[in-house]
Each structure stands twice: as structure tokens, then as C-alpha cells.
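1. Okay, sequence plus prediction incoming.
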Amino acid sequence: MADRVLVEILVAAPIETVWKALRDPLEIQRWFGWDYPNLAADVEMMFVKGMTADETTRVISDTPDRFTCEAAGAHTIVRVIRSAPVTDEAWTGIYSDVVEGWLTFFQQLKFVLERHPGADRRTLYLNGRAASAATPQPAEALGLAPLSIVPVGERYSLKAATGETLAGIVQYRGPYQLGLTVDGYGDGLIVVSARPKTAKSLFGGGSVLVMTYGLDDAAYADVRQRWTGWWRDTYEVIEIQP
């Protein structure tokens, strides 16, 4: 068995704030995942009943992963560490839904604590499969290819395939993910993820997570209609939440 850091992020918040966001179920629901009927129950099972927390060392233990918090002045370093044989997919470089999921979730944690602490959100989650080998991955299908040369932390603006102009900051970039803030969503966040070919998704596919803040019902309904309409036209739908 060996340890490997799967995710490491620097959060511009003190360790006490970050630790609370990892332990308080109501705070967790402000950043973790997206809105769906069983969110509160899943948070309770995963983060309260399903994990062991050490208040002294600021370590949360799961199997096979553990989450650590390390103070760095006014900032906090959050890590997801896996203990597993070196043949585990986390070492071999094989795509892992679990690893990609933790990357998304902890980037959400960073985004919320730095830009919307204590605020409630409204979210939309789209998950689907490519219908053929000719179907592009979500970032390309959405028209985000020009952002490949925009550095993290820099501003962007472009017309997306949803029919609207998206503008904000490139929040983060990974091998399979792109996170963008969106000014028009109340300084919201979209995470566009690609999924390579798998046994269930023969031509690949992916997902889009949309987090919005302060939108009234009509504005949010318009966001949802644009995204779900584009998604249904582009991919075979696996899931749309809520």
C-alpha cells in the first residue's frame, strides 16, 4: 500500500472555516455536488456517518481516501489522499469517476468559500452519453475550445452553444474538466467534464454542473431551459437534476 495525493487545492480561507465547511451538514450542502431529492441524506451518510474525523489533526478518514486540512497562514491546503496498491487506477492514469468527482467537489468548496461564503445556491446537473464517434466532448460541443489558451485566473467571454454569451474567469482546468465562473449567473460556476469511452458510454460523453446565485425564478428557468434544451439536442440523456 502507498499514499498518493489525488486532489490538492489552496483555499483562501482560514482552516477553522474550511473545517466547518467539511463537517457541518448544512454548510456541506452549500458546496457539495448539486441539488437533488436525497442530497441532505447523502451528505449525512457520506460526511457524518460514513467518515471518521480527527478534530486535532484535521483529518477525515474514508476508505480508501482521506481528506486533510493544513493551515497556510490565512489560507488552507485541502488534500484528497488515497492509500491503495500501486496498481490502483489512481496510479496507472486510468480515468476514474471517483477521482474526477472529488476534483469537482473540492473545487466547488474552494469557489463557495472564496466567493459565496454562507450563501445558498441553485444548481443544474446534466449527464449524458455521446450518440456516435462524431459527437464532440462537452467543452467542444459547447464552443469552449478557444478557452484552451486562456490562463487560469484570466477573464474570458464567448458565445456558447446554448445561445448566450458567457463571461467570467477561468477558475480551473484539469485533464477532463474545465471550471468557469459566469458573471450572468450571479457570479456562478459551471464545471464542464468529459468522460472517455467506457463500457456504458461507448463513444464517451460527460456532464455539466451549473451553480447560480441570486437569480429570480424567471431568470433561473431561462438558464435551465437553455442548458437542458442544448443538452437533449447534443447527447443521450442519462440524468438531469433537478
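-> Good, I have the coordinates. Numbers count the residues shown, from 1 in each chain.
2. Just the element for the residue positioned nearest the centre of the chain, please.
-> By Cα atoms, centre = their mean, the chain has its centre lying nearest to T104, at 2.6 Å. Here T104 sits within helix 97-115, counting by DSSP states H and E.
3. Whichever helix or strand comes after that helix - contacts with which helices or strands?
-> Helices and strands here follow DSSP H and E; after helix 97-115, the next one along the chain is strand 122-129. Strand 122-129 sits against strand 205-212, helix 217-234, strand 236-241, with contacts defined as 3 or more Cβ pairs under 8 Å, 6 or more residues apart in numbering; DSSP states H and E. Backbone N, C-alpha and C define where each C-beta goes, glycine included.
4. where do the helices sit along the chain?
-> Applying DSSP state H to the chain gives helices spanning 15-23, 25-28, 39-43, 89-92, 97-115, 138-142, 217-234.
5. Which of the ones you listed sits closest to M211?
-> helix 97-115 (7.2 Å; Cβ to Cβ).
6. which parts of that closest one are buried?
-> Across helix 97-115, burial judged by 16 or more other Cβ atoms under 10 Å covers 99-100, 102-113, 115.
7. swap in stretch 234-241?
-> T234, Y235.
8. Only C-alpha atoms, please: export that stretch in PDB.
-> Extracted in PDB, the C-alpha atoms of stretch 234-241 (Å, rounded to 0.1, in the frame of the first residue of the first chain):
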ATOM      1  CA  THR A 234     -26.500  17.000 -28.200                       C
ATOM      2  CA  TYR A 235     -26.400  13.900 -26.000                       C
ATOM      3  CA  GLU A 236     -28.300  10.900 -24.900                       C
ATOM      4  CA  VAL A 237     -29.500  11.900 -21.500                       C
ATOM      5  CA  ILE A 238     -28.500   9.900 -18.500                       C
ATOM      6  CA  GLU A 239     -29.600  12.300 -15.900                       C
ATOM      7  CA  ILE A 240     -30.900  15.900 -15.400                       C
ATOM      8  CA  GLN A 241     -31.100  17.200 -11.900                       C
END
